[in-house]
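Enquirer: structural data only, the sequence is not supplied:
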């Protein structure tokens, strides 16, 4: 089998965690599998790199030097635990030192300029993955694996949208097929940087925060992997966030459609874009725990599984605001919603959920809290003429709300699902502020007051637990 494995920040966050990674890969190689590995930065390092940029912008030289030293210590301490003294360890320490010197030089430049461009930001945050990939590859080689650290920027070609780049699919496919696939087929274990790519100019880009999952899926798709495994610090995709309800259980199987909804609406196990590259090829994806490798985890595949229960998982997104655009003069006037959403995009915000009244006299949408005021101002600017004519009465912002989403392919074509969900909310005195159902028909989302989250999630989770108990294990 050809397997692509991705290890998250906690999975490479310490010497012991990296030992687990090496053992997992060794077992797969010993079983005769071809393995490609994608790694995140060590846990906490990306935040340190971002904080170093903030310090540099403020002219706080001691601040970014101290963070540089902390990053150095984190990697050096792990390497001293993992590798014996000698030429191999000295070589990798020299590579890390060279990158950290470049990081400090970039911070010095930012400090002089007083600002950090998106391109410089991408260059700096890429060092987290670049350092971890070299360290993990060196430890694997020390343990006898034929491993080689490689930068994803050699293979994932993107547009110039720094900090949230989109792959150029044809060029990326050609690079991976022509240059990376022969390496894997030769028996080498490539240890690839997650999260990063490169524009056609060669400038480093990043795929957005959490984009290492996305990177791994891209490599799996174009290496024609038989399976993609996301190794993380939980046993799999769960019926809800265990911090909201301790009864949360691991789901043995979910479909691509279901996990896409879960990822978008708050489940932190996977990046929302993860399944996109592998859907067409129907490559199975499994989520497993680096620290509990004997657990089979959650299998994610193309087929939907109707267990007879309509809710399989419940998730929520906190720290959102709901904006409402309303006015009697909006009735029958084309383009107001479209212009509102374009204005939202110009404010740099993504819309999480949309709901419109049938009378066309109002519609509402949600964005993350920190973007709400900017969106309000941009929408008011865009609709200034309509507001002056009183076609639009107001653009109102309601904060301290959250989006609750129930997910399950079993709700498709099953009457009464929404009624049951909202009856449960009503019976528990939870006021529903706005409702939306996706065209996939495997999720229903609604907005509630932030303080109602615990009871809303727990009572709906009761239904998901019924389904989980009836579901067979899929090892």
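Expert: Cool, got the structure. Every value quoted in this text rests on a predicted model; they were computed, and no experiment measured them.
Enquirer: gap between residue 108 and residue 61?
Expert: 8 Å (CB to CB, to the nearest Å). In short, each C-beta sits where N, CA and C put it, glycine included.
Enquirer: what does stretch 343-350 contact?
Expert: Residues outside stretch 343-350 that contact it (CB atoms under 8 Å, 6 or more residues apart in numbering): 351, 365, 367-368, 371, 374-375, 377-379, 381-383.
Enquirer: which of the residues you listed count as buried?
Expert: Neighbour counting over the contacts of stretch 343-350 (16 or more other CB atoms under 10 Å) leaves 365, 367, 371, 375, 378-379, 382-383 as the buried ones.
Enquirer: one step back: which one of the contacts of stretch 343-350 is nearest residue 303?
Expert: Minimum distance to residue 303 across the contacts of stretch 343-350 is 30.1 Å, recorded for residue 351 (CB to CB).
Enquirer: for that closest one, list the residues it contacts.
Expert: For residue 351, counting by CB under 8 Å, 6+ apart, the contacting residues are 341, 344, 365-367.
Enquirer: does anything pack onto the helix or strand bottoming out on mean pLDDT in the chain? Which helices or strands?
Expert: One helix or strand of the chain scores below all others by mean pLDDT, DSSP states H and E: helix 256-264, with a mean of 80. Using 3 or more CB pairs under 8 Å, 6 or more residues apart in numbering; DSSP states H and E as the contact definition, the elements that helix 256-264 packs against are strand 298-301, strand 313-326, strand 394-407.
Enquirer: now find how far off-centre the first one is within its chain.
Expert: Computed by CA atoms, centre = their mean, to the nearest Å, the separation of strand 298-301 from the middle of its chain amounts to 17 Å.
Enquirer: now do the second one
Expert: Between the centre of strand 313-326 and the centre of its chain there are 18 Å (CA atoms, centre = their mean).
Enquirer: what's it packed up against?
Expert: Contacts defined by 3+ CB pairs under 8 Å, 6+ apart place strand 313-326 against helix 256-264, helix 336-346, strand 362-368, helix 369-382, strand 394-407, helix 453-470.
Enquirer: so of the ones you listed, which one's packed in deepest?
Expert: Mean neighbour count (mean count of other CB atoms under 10 Å) peaks for helix 256-264 among these, with a mean of 23.
Enquirer: ok, back up a step: out of the contacts of stretch 343-350, who's nearest residue 15?
Expert: residue 368 (35.8 Å).
Enquirer: picking up where we left off before, can you redo the contacts of residue 351 as JSON lines with pLDDT and distance to residue 29?
Expert: Below are the contacts of residue 351 laid out as JSON lines (pLDDT from 0 to 100; distance: CB to CB, whole Å):
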{"residue": "341", "pLDDT": "94", "distance to residue 29": "49"}
{"residue": "344", "pLDDT": "96", "distance to residue 29": "48"}
{"residue": "365", "pLDDT": "95", "distance to residue 29": "49"}
{"residue": "366", "pLDDT": "96", "distance to residue 29": "46"}
{"residue": "367", "pLDDT": "95", "distance to residue 29": "46"}
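Enquirer: can you tell me which of the residues you listed is closest to residue 78?
Expert: Nearest member of those to residue 78, counting by CB to CB, is residue 367, at 38.9 Å.
Enquirer: about what we covered before: could the helices and strands packed on helix 256-264 go into TSV alongside distance to residue 171 and mean pLDDT?
Expert: Formatted as TSV, these follow (distance: least, CB to CB, whole Å; pLDDT from 0 to 100):
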stretch	distance to residue 171	mean pLDDT
strand 298-301	27	93
strand 313-326	34	93
strand 394-407	34	93
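Enquirer: residue 246: which of the ones you listed is closest?
Expert: strand 313-326 (13.9 Å).
Enquirer: mind listing what that closest one pairs with, with the direction of each?
Expert: Neighbouring strands of strand 313-326 in its sheet, by DSSP bridges, are strand 362-368 (antiparallel), strand 394-407 (antiparallel).
Enquirer: what's the shortest one in contact with?
Expert: By CB under 8 Å, 6+ apart, the residues outside strand 362-368 that reach it are 319-327, 330, 337, 340-341, 344, 349-357, 375, 401, 403, 434, 447.
Enquirer: ok now that strand, how far from the chain's centre?
Expert: Worked out by CA atoms, centre = their mean, strand 362-368 lies 23 Å from the chain centre.
Enquirer: and the angle from that strand to helix 336-346?
Expert: 10 degrees (axes from the mean of the first three to the mean of the last three CA atoms, to 10 degrees).
Enquirer: next, the angle helix 369-382 makes with strand 362-368.
Expert: Calculated by the same axes, to 10 degrees, strand 362-368 forms an angle of 140 degrees with helix 369-382.
Enquirer: doesn't residue 231 belong to a helix?
Expert: No: applying DSSP: H, G, I helix; E, B strand; the rest coil, one finds residue 231 to be strand, outside a helix.
Enquirer: that one contacts residue 4, doesn't it?
Expert: No: Residue 231 is beyond contact range of residue 4, at 11.0 Å (criterion: CB atoms under 8 Å).
Enquirer: please identify which of those two sits among more neighbours.
Expert: Under the neighbour definition other CB atoms under 10 Å, residue 231 and residue 4 were set side by side, and residue 4 has more, 31 against 27.
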